[in-house]
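Peer 1: The following comprises the amino acid sequence and a computationally predicted model.
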Amino acid sequence: MNTSHMVHMQQANALLDPSDATHVAVKNGAWSNPGTWADGIVPGRDAMVHIPDGISIVYDVKSSPALGTIRLDGDLTFTRAHSTEMRVETIVTTMGSHFDAGSMADPIPANVEINIVFRDTPINTSDDPDMLGHGLVAFGEVDIQGAAKESHLVIKQDVPAGATSMAVEGDLTNWTAGDTILVVGTKYLGEDNNGVLMTQDETRTIVKVEGDRIYFDKPLDYAHEGPTSMEADIYVGNLSRNVTFSSENPEGTRGHVMLHNSTPNPEDGSVNSVRYAAFEDLGRTDKSLETSATNPEGRYPLHLHQIGTGVDAPTNMLIGNAVIGSPGWGIVQHESRAMVNDNIVYDVTGAGIVSEWGNETGAWMRNLVSSVTGYDAEDKNGNGDQGAAYSNQSRIIVQQDNIAANSKLGWDFSGHEGFAEDDPDKAPNDGIHRKMFEREQMKFDADPFDVAIDHEEGVIADFTGNTVMTSTEAFRVYHRQFANHSDTLSVIRDFDIWGGKDGINLMNYGFNYEFIDSDWSGSGIAFTMWGKNSSAVMNDIRVSDFGLVWKAHGISHEAVLYDVETTNIGQMFDIAYDSDKGDTSYWTNYFAQFGINYQNPLPTVLSKEDADPDAGLTFTLGADADVTLAPGDNQVHVTGTVTDGLGTRVFYENIIGSISNQASSYEGASLKLVNYDTTWHRNFSLDEFLTVHGTWQKPDGAWVTPVVFWVTERLSGTQHPVIIELKLEGFDDSDLAPFALDAYPTPTIENADFDYGFDTTSVDAPDPVEPAIPGDQLLGDSAANRLEGSAGDDTLFGGAGNDTLSGGEGNDQFRGDAGDDVFIGGEGIDTVIFQGATDTIVNLTTMALQNTGHGMDRFVGIQNVTSGLGNDKLYGNGAANALTGRGGNDVLVGQGGNDTLIGNEGDDTIDGGTGADQIVGGSGNDVLRGEGGNDQLSGGTGMDFLTGGSDADTFVFASVGDAGIGATRDQILDFEKGVDQIDLTDMVPGTFEFRGTKAFSPSGNAELRLFETSNGSTIVQLDVNGDGTADAEIRVADVTGLTVNDFGL
């Protein structure tokens, strides 16, 4: 069955030809007004309704007749004045139309309900052979927004069986009597004889809410209790919304919702926005059955269908919804970019939230999925039919703070292998490198030598704060990460598991994973690593109650257990490698070559004492590396070693042993350029490769192409850039110059400058979030807007016009754009934020118009400014200003007041002024000057020059990198003995021993010594690990005779 966007459009148009309509709207007006319709008759039973282009109808019917099909070419808006009902078989909307059941600007009020019910009538397959109808099928803009409410809250304490109330943490606004709640089960019951998960999820009806306590209609059947072996929350969800789409008869013909619109609204840029609505008993695709003409795929409760995933694709918003009851999937993101946040999905068979194809982008955050029960079926190829709360074909959707409860699988990264271009009678063409992403969409390029990035190669990034509870298996990978010759690990951080059976299952071809800073508790196997696998790290994991911690079916190449704490576990290791299959001499010789003990191939086990927290990451190019490309030489092979805090490993090494004399080994990164067409596009041509990576001419005239490899520093779980220069020899300058880079690449650890297109914060790791705005969020457009905030903390987005933005009371944020803008702060601490790479100049000392680089702007009552990624100049105004540079070579001047001045990346120059300032340089070679006042100066990494000025100043060095060593060490230019202080308290866990001018004594303890130079300066030398060698240095200019009192140790 062809399910493409264009085919669906043709099918949708055929659902109701305008000439077949029984009722046609002829003018703008209310649905209930006979004058709105061509014959003066309001649509009744089985009516076939057409709303033409240019006509706007307000739906105001309180009790609906049983309508047939509605074709919307114009606008249909549901009234906000009173509750309405629509019973209908099909709503089909065409391009350019607008379906409005609430919007961000005008949501449906909490005291008004919209109920859209899809009728239980047979599908006429003569008119609708692909069974697309019976639901909402939209090619036009869709806005759906009910009253905002929290989808789930934390229960404050364990709730016993028989309870009729509970106390919760969080916002109970719009949790009201009559709402259906889900009390999430906390005991794992296993599966029945049909492979269907049994749960203790319970639904109840709220009878009243008092303070933080919810009272419900009947006692609970089960106790709902958190684990005893670790700290974890238990949850209650709300399944009710005041905008509801439902099926008239869940056992009959069920409805579905499929959104196709990819044309942004010209006024606000929205494309499909669905917020705070319920989708009850929708979805016809049954994942327990094979898809067929009578069970077509794609008929789901809430489905984004092929809206676009490219660099400039619009973002769909699915926020705060409830999806209840589906025989297939719940929320489906298919070849689309979306924010799928704060939803609740309950009682589905196949999968809860799904990325269907593999090229999806965006974020899933703060969702709760429970009772995804599955059935007895293998899910080798990622069919999404085995009961996963979060089923992923795409690896690059940001996923954070989600909860998977009472599901057969928590997270499933199982890659589909069959594509239309494959021969169905042969193995899939996994190696053809289907292009699914532009490289600029990837935060980390797992293999820069691959010609294209497909759904199997992307690194899982920013997967943080997720939880699996009471589920059969928490996290599974199958046939993913075919970029096995890579040192970029998918880092899974703060991933808690409790109350269920098994933890992590890296099935075959699940290469390169690190799990860090997590608590795992269960009854089965904590971690399984199958035979065709390599490189897995457990780092700072607390494991309890499992029968087995580590099960390996292979040789556990590059497998590391670091700082793993166990409590009440049955067995630590079970190594199940079978050496009896195949030719014994073959395996003996093969493993001898690599030094593998195939009788007992245990992972490497390290304690905290075995790690080196100051190692960082270094790459050493191998002596046998071939890094030269020439007209007659189209291949390179990069070899070397990588050293990080957990030791040294071979660069891009991969060794797996299988059965039947099948084994493979890789070492190094290989590139072969081709210049001819092949059936499958497997390799770069030279021009393609240089287009991606560019060329650079060195001062001596030699040409190179600097290739950025991302390599995981395993101790911290951070991604580090390694630039390997490939030499370009024998080419004419004219051949290479067209690919010349404007600047040599300077990537940062964790690719800090990467822009997802939505805001990020940082706790334990980069933590992207949908912009969560306290107070009001006021959005302008391309016109000249005047936006005024409330008494709360507001965020005002001006848009591209000449805007006047007034915050009012509260601590407000202003986002300017192109155009001439006026920013008026009012009361509170107010901040203007600029984005992009434009050089920004802001002077808060004047209220006159000034050219900021973004327009002629005026600042009134503004205290703080944050600039973008350009080379910016920010000047304070005598108040306590916070000036933040973010990127580029910035100049920050605090003037008077106690200022906070932060340069971030780039070579920055920062002057504090006369107040007591906090000055932070960030990365780069910075110049920091405190001037008057008791200032605190921290240069950050790079070679920095620090001048405190008058009064008592503190020079802060929080790490070895902050100080530097040798030619890159920081310099303090005006230290005053007995007045200023050098603060080293955060550099080592304990304190430094002050040695004065005496030599180090290698005692294993951190030591500080002073080396006084012949020209009257002092080099402060720091040995952080007590081995007698200086690890960091600070030059204190023109000062000798420092004492212990000059330091914070």
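Peer 2: The structure has been received and is ready for your questions. Residues are numbered from 1 along each chain as shown.
Peer 1: quick check: domain ranges of this protein?
Peer 2: By the assignment in automatic domain parsing, the chain contains the domains 1-102+114-121+133-139, 618-741, 957-1049.
Peer 1: Could you tell me the least trusted of these?
Peer 2: Here the lowest mean pLDDT among the domains of the chain goes to domain 618-741, at a mean of 89.
Peer 1: distance between the ends of it?
Peer 2: End-to-end distance for domain 618-741, by C-alpha to C-alpha, to the nearest Å: 25 Å.
Peer 1: Any chance of TSV for the domains of the chain, columns distance to Val257 and mean neighbour count?
Peer 2: C-betas here are computed from N, CA, C, even on glycine. Written out in TSV, the entries for those read as follows (distance: least, C-beta to C-beta, whole Å; neighbours: other C-beta atoms under 10 Å):
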stretch	distance to Val257	mean neighbour count
domain 1-102+114-121+133-139	5	18
domain 618-741	37	17
domain 957-1049	52	17
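Peer 1: Among those domains, which comes closest to Thr804?
Peer 2: The stretch from the domains of the chain with the least distance to Thr804 (C-beta to C-beta) is domain 1-102+114-121+133-139; that distance is 28.3 Å.
Peer 1: tell me the contacts of Ile1034?
Peer 2: Contact analysis of Ile1034 by C-beta atoms under 8 Å, 6 or more residues apart in numbering lists 955, 957, 963, 969-972, 982, 1019-1020, 1022.
Peer 1: buried stuff in the strand or helix carrying Ile181?
Peer 2: Element membership of Ile181, judged by DSSP states H and E, is strand 180-183. For strand 180-183, the buried set under the neighbour-count rule, 16 or more other C-beta atoms under 10 Å, comprises 180-183.
Peer 1: What's the first helix or strand after it?
Peer 2: Helices and strands here follow DSSP H and E; after strand 180-183, the next one along the chain is strand 202-210.
Peer 1: From the contact counts, what lies against that next one?
Peer 2: For strand 202-210, the elements it packs on are strand 180-183, strand 213-216, judged by 3 or more C-beta pairs under 8 Å, 6 or more residues apart in numbering; DSSP states H and E.
Peer 1: Now distance to His134 and mean pLDDT too, for these, in CSV please.
Peer 2: Output for the helices and strands packed on strand 202-210, formatted as CSV (distance: least, C-beta to C-beta, whole Å; pLDDT from 0 to 100):
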stretch, distance to His134, mean pLDDT
strand 180-183, 25, 99
strand 213-216, 34, 98
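Peer 1: nearest to Asp233, of those strands?
Peer 2: Here strand 180-183 is closest among the helices and strands packed on strand 202-210 (C-beta to C-beta), at 13.3 Å.
Peer 1: neighbours around Tyr756, how many?
Peer 2: The number of residues packed around Tyr756, counting by other C-beta atoms under 10 Å, is 17.
Peer 1: which element is it on?
Peer 2: Going by DSSP H and E, Tyr756 is not in any helix or strand.
Peer 1: Verify the contact between it and Ile397 for me.
Peer 2: No - taking contacts as C-beta atoms under 8 Å, Tyr756 lies outside contact range of Ile397: 10.2 Å.
Peer 1: Now do the shared contacts for those two.
Peer 2: Common neighbours of Tyr756 and Ile397, counting by C-beta under 8 Å, 6+ apart, are Ala363.
Peer 1: among the helices and strands packed on strand 202-210, which is nearest Gln10?
Peer 2: With C-beta to C-beta, the closest approach to Gln10 among those belongs to strand 180-183: 39.1 Å.
Peer 1: Between the domains of the chain, which one is closest to Gly897.
Peer 2: In this view, these are compared for proximity to Gly897 by C-beta to C-beta, and domain 957-1049 is the closest at 21.3 Å.
Peer 1: Compute the first-to-last residue distance for that closest one.
Peer 2: Distance between the boundary residues of domain 957-1049 (C-alpha to C-alpha) amounts to 11 Å.
Peer 1: sorry, back to before: filter the contacts of Ile1034 down to just the ones in strands.
Peer 2: Assignment to strands by DSSP state E places the following of those there: 955, 970-972, 982, 1019-1020, 1022.
Peer 1: out of these, who's nearest Glu688?
Peer 2: Looking across these and measuring by C-beta to C-beta, the closest to Glu688 is Asp970, at 43.4 Å.
Peer 1: For Ala1037, see how far away the residue lying closest to the closest one once chain neighbours are set aside is.
Peer 2: Nearest residue to Asp970, sequence neighbours excluded (C-beta to C-beta, 6 or more residues apart in numbering): Asp944, at 4.6 Å. Summarising the geometry, the distance separating Asp944 from Ala1037, computed by C-beta to C-beta, to the nearest Å, is 13 Å.
Peer 1: Can you name the element that comes right after whichever strand or helix holds Gln306?
Peer 2: Take DSSP H and E as the rule and Gln306 turns out to sit in strand 302-308. Downstream of strand 302-308, the first helix or strand assigned by DSSP H and E is strand 315-319.
Peer 1: before we move on, back to that, list the buried ones in the strand holding Gln306?
Peer 2: Within strand 302-308, the residues that count as buried by 16+ other C-beta under 10 Å are 302-308.
Peer 1: Next, the angle from it to strand 315-319.
Peer 2: Using axes from the mean of the first three to the mean of the last three C-alpha atoms, to 10 degrees, one finds that strand 302-308 and strand 315-319 are set 170 degrees apart in direction.
Peer 1: tell me how far strand 302-308 is from the chain's mean position?
Peer 2: Taking the mean of its C-alpha atoms, strand 302-308 sits 19 Å from the chain's own mean (C-alpha atoms, centre = their mean, to the nearest Å).
Peer 1: and what of stretch 845-863?
Peer 2: Centroid separation for stretch 845-863 versus its chain: 35 Å, with C-alpha atoms, centre = their mean.
Peer 1: Just the mean pLDDT for that stretch, thanks.
Peer 2: Mean predicted confidence for stretch 845-863 is 87.
Peer 1: Run through who's touching it.
Peer 2: 802, 814, 816-826, 829-832, 834, 838-844, 870, 875-882, 895.
Peer 1: Tell me which of these fall in strands.
Peer 2: Going by DSSP E, the strands hold 814, 822-824, 831-832, 841-843, 875, 882 from the contacts of stretch 845-863.
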